[in-house]
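Engineer: Provided below for reference: sequence and predicted model.
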Amino acid sequence: MAATRFRLIRMMQNVLTYLILGLAVLVALFPLYWMVVSSFKTQVELFSVPPTLLPLRPTWEGYVDLFVNRKFGQSLLNSLIVVGTSLIVSMVTGSLAAYSLSRFRLPWKLNGILGFWILSTRMLPPIVTIVPLFLILQALHLVNTYAGLSLVYVVFNLPFVVWMMRSFFQEIPTDLEEAGMVDGASRLGALWHVVLPLVRPGLAATAIFVIIDTYNEFLFALILTSTPEVMTMPVAAAALVGRIHVQWGAMTAGGTVAMLPILLFAFLMQRHLVRGLTLGAVK
């Protein structure tokens, strides 16, 4: 009797847990669902009362307006180019810096001091640097260029990459590298063939955070770009909000298209992301 009562209580607890989790997932995903569904509605149906959960007459007007009239595809391509360039440069440079700080012991405890000063640049509000950066890029003729915007993103992503990758490198025993160097590998050879395969989950986790941070960045893209040929996706999406009228159809279509690259990348890297977030959590 007691065992049956215990199983019944346990089952009720499980049902309640799943109901709460399901409600949380519903609340979290409903705005995305509403955005995707609204992208296929007409302008009249968007403001219908009561609102419809599914489009009564699905239409591609929002996507046609977005890609044909507003050249949103160019802005999306610009974002992918800038994100890809800044990601590669940030990950390569930041990983080498993090490896150096985790493996080489500098005199006067400079490892900790350098690590703190690198991380301290993230404490500075980005908006206070926008005027000096604009003047520097203007002097270098890099305003409204892929190179200038990518360089700014690299500068702001590097501290995060160094901070993340340093902790991952510190979890790898140095004996593995020393064994590789005894077999004839150089320091860079041991890093490439021994260490990097072991910290691959950390690389994936860091890359995802860098991509999301860069892909969604708005302030620097707004100030440092001025033409559709270089303008990134967040700036192009903000342009859909006018002084009098908001292009809701095109905006919901743009939001749907804009989230696809991030969802695809996160789906492909989800296994590495989970391993990267838990790497070193248990000794």
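Structural biologist: Perfect, thanks for sending it.
Engineer: following the strand or helix carrying Val162, which helix or strand comes up?
Structural biologist: Using DSSP states H and E, Val162 maps to helix 146-170. The helix or strand immediately downstream of helix 146-170 is helix 174-182, counting by DSSP H and E.
Engineer: Residues contacting the next helix or strand after that following helix, please?
Structural biologist: The helix or strand immediately downstream of helix 174-182 is helix 187-190, counting by DSSP H and E. Outside of helix 187-190, the residues within contact range by CB atoms under 8 Å, 6 or more residues apart in numbering are 176-177, 180-181. C-beta: built from backbone N, CA, C; applies to glycine.
Engineer: From these, keep the buried residues only.
Structural biologist: Neighbour-count burial (16 or more other CB atoms under 10 Å) applied to the contacts of helix 187-190 gives 177, 180.
Engineer: Name the SS class of Leu73, please.
Structural biologist: Careful, residue 73 is Gly; it's not Leu. Following DSSP: H, G, I helix; E, B strand; the rest coil, we place Gly73 in the helix state.
Engineer: Just to check, it is in contact with Phe67?
Structural biologist: Yes - using CB atoms under 8 Å, Gly73 makes contact with Phe67 at a distance of 5.1 Å.
Engineer: more crowded one of those two?
Structural biologist: Between Gly73 and Phe67, Phe67 has the larger neighbour count (other CB atoms under 10 Å), namely 18 against 13.
Engineer: Check the gap between the more buried one and Ala250 for me.
Structural biologist: To Ala250, Phe67 is 9 Å away according to CB to CB, to the nearest Å.
Engineer: Shouldn't Leu56 be within a helix?
Structural biologist: No - the assignment for Leu56 is coil, going by three-state DSSP, so no helix is present there.
Engineer: Can you report how many residues neighbour it?
Structural biologist: Neighbours around Leu56, by other CB under 10 Å: 10.
Engineer: one step back: in the helix holding Val162, what counts as buried?
Structural biologist: Neighbour counts over helix 146-170 (16+ other CB under 10 Å) mark 146, 148-154, 156-166, 168-169 as buried.
Engineer: ok, Val241 touching Ala250?
Structural biologist: No - contact criterion CB under 8 Å: Val241 and Ala250 do not qualify, at 10.5 Å.
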